[in-house]
Structures are given as structure tokens and as C-alpha cells.
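Need the 3D shape of this:
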Amino acid sequence: MKTLQEQLDAAGLHVFGCCERLSAYGPDLLQTSQLLQDFTPAEADILGASMLLMRAEPGQVMIREGEFGDWMMLILKGTVDVTKRLETPADAAQVDADASAEPAVSRVAVVRAGAAVGDMSMLDSEPRYATCTAIEAVEAGVWGRHEIALLIRDHPGVGAKLLVKITQMMAQRLRNTSNQLVKLLRKK
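Numbering: from 1, shown residues only. Modelled structure (predicted):
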């Protein structure tokens, strides 16, 4: 099993140590990040010490749809484009026939500092749902499943609080998606 550092290296992502002093990372990060808003500065610093600091250049893919990864990112600086392929099985045959054709993609979101990405795959070990590409230079903190397990072991209160926040974020995304689906079904 590869370490988190090895996984990030294999994905072409550059790691620059850990995210010490996460509480001082941005002027409003603790207030604006859905993931961090209930953490004290001291708790945020404990979280930061458990994360690797990664940087990506504009246009660099940070997470690729369909790949496996047991890690997630907290965007600390910069903007990330989240896209999903719109390929159907019939389209796949056409793409195979014409290797130069790019599959159609749809923008799912544009996320900024404070947003978390990759959490679903980190938790369920399924392939990545979407691709995350840096629009501008990005710095992100990265947690792997193993690092979160160590956080829970060493700082159970902070680790439990993190898992509750991740669960709340995912529940809110599911609620938003369900509302969008209901709106689409009402139009038909």
C-alpha cells in the first residue's frame, strides 16, 4: 500500500510539508470554510499538522475522474474547476473510434478556498466522481484515510469533529442534488 506522499507524487502533485498553523492560513479560512467553521484555532492547528501541503499550477489536474484515491483535499488558496464527463456507453465507442475526440464534460462547480474535494472517494474507496483542475495556482491540505485514522487515535475529539463535519458536508450536497432533481422532474 502506497503512502499518501507516494500517491500524491504518482498523481503529479507537489508536496511541500504539512499545513502547520492552519489557523493562520488565510484571514477568514476558519469562518468561511464549511469544514472548519466549528473548529477553534488550536483544533485547526491540530488538523493542519495531520495534513500534507500540496501545490498545483493553473491547468493542473488535482483529482481525475475514474481514478482511485483514498485522500481528500481542503482548498487553502486558489480556485478549482470541478467537471464531470458526460460520456454515455455509445459515446465511448465513438471516442474509441476517434481517439482525438474529447469526451464532453459539464462543470459541476467552481470551488475556492475553504472547500473540500475528494471526500466521497476517501470514505468509500470508489473511483473519483469528478475531475478537479486548478484554475489558478492552488494550495491545498491533503488528508488520507490513514492520516485521519491517526488523527482519531491521537486527538479523538478533533478527529470525531472532523468526521461529523465531513458527514454534514456530504449530507448538504446530497440535499442540494435531491432538490435539483425534484426541480428537473417538475419541469417534465
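
now Leu29: how far from Leu35?
From Leu29 over to Leu35 the distance is 10 Å, taken as Cβ to Cβ, to the nearest Å. C-beta here means a position set from N, CA and C on the backbone, and glycine is covered the same way.

Now do the shared contacts for the two.
Overlap of the contact sets of Leu29 and Leu35 (by Cβ atoms under 8 Å, 6 or more residues apart in numbering) consists of Gly114.

Report the rounded mean pLDDT for the helix or strand hosting Gln172.
Using DSSP states H and E, the element containing Gln172 is helix 156-187. Averaged over helix 156-187, pLDDT sits at 92.

same deal with stretch 55-62?
The average of the pLDDT scores along stretch 55-62 is 96.

how much distance is there from it to the middle of the chain?
Chain-centre distance of stretch 55-62: 13 Å, with Cα atoms, centre = their mean, to the nearest Å.

how about the helix holding Gln172: buried residues?
Neighbour-count burial for helix 156-187 flags Val158, Gly159, Lys161, Leu162, Lys165, Ile166 (criterion: 16 or more other Cβ atoms under 10 Å).

Could you check how far the first one is from Ala149?
With distances taken as Cβ to Cβ, Val158 is found 13 Å from Ala149.

would you list every one of the helices in this structure?
For the chain, the helices defined by DSSP state H cover 4-10, 29-32, 41-49, 89-97, 119-124, 145-154, 156-187.

Would you mind listing the buried residues in the second one?
Yep, that's helix 29-32 we're talking about. Applying 16+ other Cβ under 10 Å to helix 29-32 flags Leu29, Leu30 as buried.

avg pLDDT for that helix?
pLDDT averaged over helix 29-32 gives 90.

Show the contacting residues for the residue nearest to the spatial centre of the chain.
Centroid-nearest residue in the chain, with Cα atoms, centre = their mean: Val117, separated by 1.6 Å. Listed by Cβ under 8 Å, 6+ apart, the contact partners of Val117 are Met62, Ile63, Met72, Met73, Ile75, Val80, Val82, Val111, Cys132.
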